[in-house]
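Colleague: Build the 3D model from these lines:
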Amino acid sequence: MNYEKIYPSLDLHGEYSFSAKYLTEEFINDNIHLKNKKLCIIHGIGQGILKNTVHEILKHDKRIKSFYVDFMNPGCTLVEIKEEYL
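Modeller: All right, here's what the predicted structure looks like:
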């Protein structure tokens, strides 16, 4: 399934890990204000540096209910925001 067409998405291709961290945090903040429950973060496959950066942010963010790599597209992480933050 092409989740980046269904959910709000952030494409991090070509970013460095420090800029990906900032962009991911801003993307989450913006979508909480917009009351979007599900998000798609595209990090690509590569060496896993961007994926690991994104997952570290998501793992420590109390507003995130769950996140997982899309099994049909391993270059994409799907994120769900906790209901109480929307």
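
Colleague: and the spatially closest residue to Leu50 that is not a sequence neighbour, what pLDDT?
Modeller: Distances taken as C-beta to C-beta, 6 or more residues apart in numbering place His43 nearest to Leu50, at 3.9 Å, with adjacent residues excluded. Quick note: C-beta positions are derived from backbone N, CA and C, even for glycine. If you check His43, the pLDDT there is 97.

Colleague: Show me what the longest helix along the chain packs onto, helices and strands only.
Modeller: Across the chain, the longest stretch assigned as helix under DSSP state H is helix 17-33. Under the contact definition 3 or more C-beta pairs under 8 Å, 6 or more residues apart in numbering; DSSP states H and E, helix 17-33 sits against strand 9-11, strand 38-42, helix 49-60, strand 73-81.

Colleague: right, so those: which one is the most enclosed?
Modeller: Ranked by mean neighbour count, these are led by strand 38-42 with a mean of 22 (mean count of other C-beta atoms under 10 Å).

Colleague: so how far is that strand off the chain centroid?
Modeller: 4 Å (C-alpha atoms, centre = their mean, to the nearest Å).

Colleague: who's sitting farthest from the centroid in this protein?
Modeller: Each residue of the chain has a distance to the centre, and by C-alpha atoms, centre = their mean the biggest one is for Glu84: 18.6 Å.

Colleague: Can you verify it is assigned to a helix?
Modeller: Yes - assessed with DSSP: H, G, I helix; E, B strand; the rest coil, Glu84 lies in a helix.

Colleague: I'd like to know how far it sits from Asp11.
Modeller: Here Glu84 is placed at a distance of 28 Å from Asp11 (C-beta to C-beta, to the nearest Å).

Colleague: likewise Ile28?
Modeller: 15 Å.

Colleague: One more: Val69?
Modeller: 16 Å.

Colleague: Kindly report the same for His43.
Modeller: Taking C-beta to C-beta, one finds His43 at 9 Å from Asp11.

Colleague: Cool, thanks, talk later.
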